[in-house]
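A.B. asks: coords please:
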Amino acid sequence: MKLKFPARWTEEVPRVPSPEQDQDRISRAARALQWQSSGKGAAALQFRAKTNWSSWGEQITVILHPDKIQIESRCSFPLQCFDWGKNKANCRALAQAYEADIRTFAAPLLLLLARGAKLDTILTNLEGFAPQIRAAFEWIKAKAQCTTADLEKLATRLPDLRRRKEEAIREQNFPLAAELHGRERALFESVGVRPTSSEETIPSQIQRFAALLQQECPKRFT
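C.D. replies: Below is the predicted model of the structure:
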């Protein structure tokens, strides 16, 4: 195995093109991790992690590409070649914090699409939260690596899977029900969100989605 000096790790996550929100989200996540800002540019941010038991501190560089965010963490001491997983942990922590905001809105948005709601309808009903909804929609597309049309088709598979699963349960065909449940879960996970369910109507789901946006947006986007 070829050693790198200093030890480093790199992670990449899909990016929704919104430079101001991206930089703010990353900066707040870094502060929560108790990293100090050491540089900022139009398409890059740098932070410094404190000295710890595994290294003499780390330098974290975040580069904003058009379609992704690249996070690199490297040990500050130039001759250190072992980091005991600290650089990887730094990258994962920042990536998870960056995606947490959008992931919160992705699941209810996917459920609305699964109920047959169109993105334009959702945006019309929740016009004040259009940037957050579009960001969640684009993030889901990036996770699934698909187009808008493909995502809407993917979402419409959920009701059919759930209907067939419920029929299998009523008929006590539990092996089939388990298989369909696994496929339903895999569909959610393919777009980066946790499996969830709702039997509410579209208007009720939109109201619940609006309440979530009102609760979360002041903390995360202002």
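A.B. asks: low-confidence stretches in this protein?
C.D. replies: Applying pLDDT under 70 to the chain flags residues 1-5, 16-20, 54-55, 101, 191-201, 216-222.
A.B. asks: okay, which residue is most central for it?
C.D. replies: Centroid check for the chain by C-alpha atoms, centre = their mean gives residue 99 as the closest residue, at 3.3 Å.
A.B. asks: run a quick neighbour tally on residue 58.
C.D. replies: Neighbourhood size, residue 58 [other C-beta atoms under 10 Å]: 30. Any C-beta I mention is one placed from the backbone N, CA and C, and that applies to glycine too.
A.B. asks: give the contact list for it.
C.D. replies: By C-beta atoms under 8 Å, 6 or more residues apart in numbering, residue 58 lies in contact with 48-49, 73-76, 83, 86-87, 90.
A.B. asks: report the buried residues of whichever helix in the chain runs longest.
C.D. replies: Using DSSP state H to define each element, the chain has its longest helix at helix 86-114. Neighbour-count burial for helix 86-114 flags 86-91, 93-95, 97-99, 101-114 (criterion: 16 or more other C-beta atoms under 10 Å).
A.B. asks: now do the helices in this protein.
C.D. replies: Going by DSSP H, the chain shows helices at 19-32, 86-114, 119-125, 130-144, 148-170, 174-190, 202-220.
A.B. asks: how about TSV for those helices, with distance to residue 41 added?
C.D. replies: Putting the helices of the chain into TSV (distance: least, C-beta to C-beta, whole Å) gives the following:
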stretch	distance to residue 41
helix 19-32	10
helix 86-114	17
helix 119-125	32
helix 130-144	22
helix 148-170	32
helix 174-190	34
helix 202-220	23
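A.B. asks: quick one: closest of those helices to residue 64.
C.D. replies: Set against residue 64 and scored by C-beta to C-beta, the helices of the chain come closest in helix 19-32, at 5.9 Å.
A.B. asks: chain center to that closest one: distance?
C.D. replies: Chain-centre distance of helix 19-32: 14 Å, with C-alpha atoms, centre = their mean, to the nearest Å.
A.B. asks: and if you look at stretch 125-143?
C.D. replies: In terms of C-alpha atoms, centre = their mean, the centre of stretch 125-143 is found 12 Å from the chain centre.
A.B. asks: same question, stretch 136-153
C.D. replies: With C-alpha atoms, centre = their mean, you get 13 Å for stretch 136-153.
A.B. asks: got the end-to-end distance for that stretch?
C.D. replies: End-to-end distance of stretch 136-153 (C-alpha to C-alpha, to the nearest Å): 17 Å.
A.B. asks: now do stretch 112-127
C.D. replies: 16 Å.
A.B. asks: measure residue 75 to residue 94 for me?
C.D. replies: Counting by C-beta to C-beta, to the nearest Å, the gap from residue 75 to residue 94 is 16 Å.
A.B. asks: name the residue most distant from the centre of the chain?
C.D. replies: Within the chain, residue 171 marks the point farthest from the mean C-alpha position, 37.3 Å out by C-alpha atoms, centre = their mean.
A.B. asks: what's it sitting at in phi/psi?
C.D. replies: phi -90, psi 0 (degrees, to the nearest 10).
A.B. asks: domain parsing for the chain?
C.D. replies: Domain ranges of the chain: 8-100, 102-220, per automatic domain parsing.
A.B. asks: for the first one, measure first residue to last.
C.D. replies: In domain 8-100, first residue to last residue: 24 Å (C-alpha to C-alpha).
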